[in-house]
Each structure stands twice: as C-alpha cells, then as structure tokens.
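# What would the 3D arrangement of this be:
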Amino acid sequence: MASQQTKLPHLGEANPQVYVETPLHPEKLTELWFQQDGATCHTARDIIDLLKDTFDDRLISNFGPVNWPPRSCDLTPLDYFLCGYVKSLVYADKPQTLDHLEDNIRRVIADIRPQMLEKVIENWTSRLDYIRASRGSPMPEIIFKM
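Numbers count the residues shown, from 1 in each chain. Next up is the predicted model:
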C-alpha cells in the first residue's frame, strides 16, 4: 500500500532521519475497479505495482490481472462515451482555475442520470453485436449515436 513519510517536528530537529509512515489510503477500495490505457508512462513497474496493491485483481491494464481488451475504444464506455461527454461539458464555460475545473468535473459526473447510462449500455450491446457479426473486424468510425 502507498504511504507517505512525514518528519516529526519535535524529533526532526534532534534527528532529521526520523520519519513516521502514514498510509495515503486508509483502506483498500474493495468494490472499485481501475482501468488504464497502455500509455508507457502509465505502465511503469512502480505504477503497476502500486495499482496491483491498491486494486488487487480489479485492475484492467496491459500489465494487470485483467488484460486491456483489444479495440477497447470501440467497446469501452469510458472511451466511446464518458471521456468525450464529460470533456464537452467540463470545458463549456472555459474554466480558468484548477478549482473551477474540478468543480465542473464533479458536477458533470454527478449529473449523469440512470437513463443516460441505460442508453450507453444499449449502445454497448449494439457494438458487441456488430463485433460478433463481423467476426471481430474493426468498427467503422461512426456507426452508433447516443
């Protein structure tokens, strides 16, 4: 598990080598899955080790226990829906500060309704049907609309 080192003020002056390790995350995330792309900076050994320690067998990655699926941008709602949808709304009012950007992200995510997610799942099912029928051939650029 990741931890951070904190110098104790009352001991640090007498002995600058005294550190107390405190966990960055109070407990493991037992219900949460984590999916990452295969970008080199995301798959460094230290990063993968940290993610495996944090998410155990709930890590979807090129080097994790669940392999990153082929053609994932066509089959992964995070890629074909969520990222573009959130980005289009988050930047609509041109946030000028990090706090403003974070507020926009939280708001946009919180405003996603179950009905929209149902449409995403219907779309995903259509994508799977297309992949099955075409025996895994690449999908055309735009074949589904929300």
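# Just list the residues touching Ile60, thanks.
Taking CB atoms under 8 Å, 6 or more residues apart in numbering, we find Ile60 in contact with Trp33, Phe34, Gln35, Gln36, Val66, Asn67, Trp68, Pro69. Heads up, the C-betas are built off the backbone N, CA and C, glycines and all.
# hmm, try it at 6 Å
Contacts for Ile60 (CB atoms under 6 Å, 6 or more residues apart in numbering) come out as Gln35, Val66.
# How much space separates Ala39 from Asp79?
Distance, Ala39 to Asp79, by CB to CB, to the nearest Å: 13 Å.
# So between these two, which is more surrounded?
Asp79 (15 against 8; other CB atoms under 10 Å).
# I'd like the average pLDDT over stretch 133-143.
Mean pLDDT, taken over the full extent of stretch 133-143, equals 67.
# same question, stretch 75-88
83.
# which stretches of the chain form helices?
9-12, 45-55, 72-75, 77, 83-90, 98-110, 114-133 (DSSP state H).
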